[in-house]
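S.K.: model this:
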Amino acid sequence: MRNMCVLIDTNILVDFLEKREPYTESATAVIRLCALGKATGYIAAHSISNLFFVLRKIYSVSERRELLKAICGILHISAIDENKILSALQNEDFADFEDCLQGECAKECNADYIITRNLRDFLKSEVKAIMPEEFLKMV
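M.R.: Prediction:
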């Protein structure tokens with residue numbers, strides 16, 4: 001039986017890296033399961049640049065580089081390419097282009113779920129979105 005495959009939304013990674021309460025514990029548990037090989041985790045390529053920008057408030061440039069290299073050592077990267085961008089631009093079911101790209105990446109890596117705290121952003125996603133706590137109960 002294969003491991004569950006998940007795409008981890010940017011907000012979960014921000015919770016983990018910024019230690020945002022009350023979300024740190026569940027975000028850390030999700031990342032830990034991926035690090036231990038209990039689940040196969042993916043991150044959309046554009047999430048890395050978003051994280052680099054968002055984390056600037058609390059981490060130096062060198063710290064951000066090290067943190068993101070560590071994340072990339074745990075999670076696989078789903079690339080953004082011309083087909084994904086064009087598909088996302090044509091998809092009018094998503095109000096937020098970035099969320100639509102997350103969905104495109106989740107489809108490409110055959111994710112079972114998108115792990116996010118913003119379920120409503122993925123109501124029209126082909127890949128079901130779930131909260132971290134729900135994922136943790138399944139694994």
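S.K.: Output the below-cut-off pLDDT ranges for this structure.
M.R.: 1 (pLDDT under 70).
S.K.: Please, where are all the helices along it?
M.R.: 10-18, 24-35, 45-54, 61-74, 82-90, 97-108, 132-138 (DSSP state H).
S.K.: ok, and what's touching the second one?
M.R.: For helix 24-35, contacts defined as Cβ atoms under 8 Å, 6 or more residues apart in numbering pick out 6, 8, 12-13, 15-16, 20, 39-41, 71, 74-75, 115, 131-133, 135-136, 139. C-betas here are computed from N, CA, C, even on glycine.
S.K.: repeat for the fifth one
M.R.: Here helix 82-90 makes contact (Cβ under 8 Å, 6+ apart) with Phe94, Phe97, Cys100, Leu101, Gly103, Glu104, Cys105, Glu108.
S.K.: buried subset of the residues you listed?
M.R.: Phe94, Cys100, Leu101, Gly103, Glu104, Cys105, Glu108 (16 or more other Cβ atoms under 10 Å).
S.K.: Many thanks, I have nothing further to ask.
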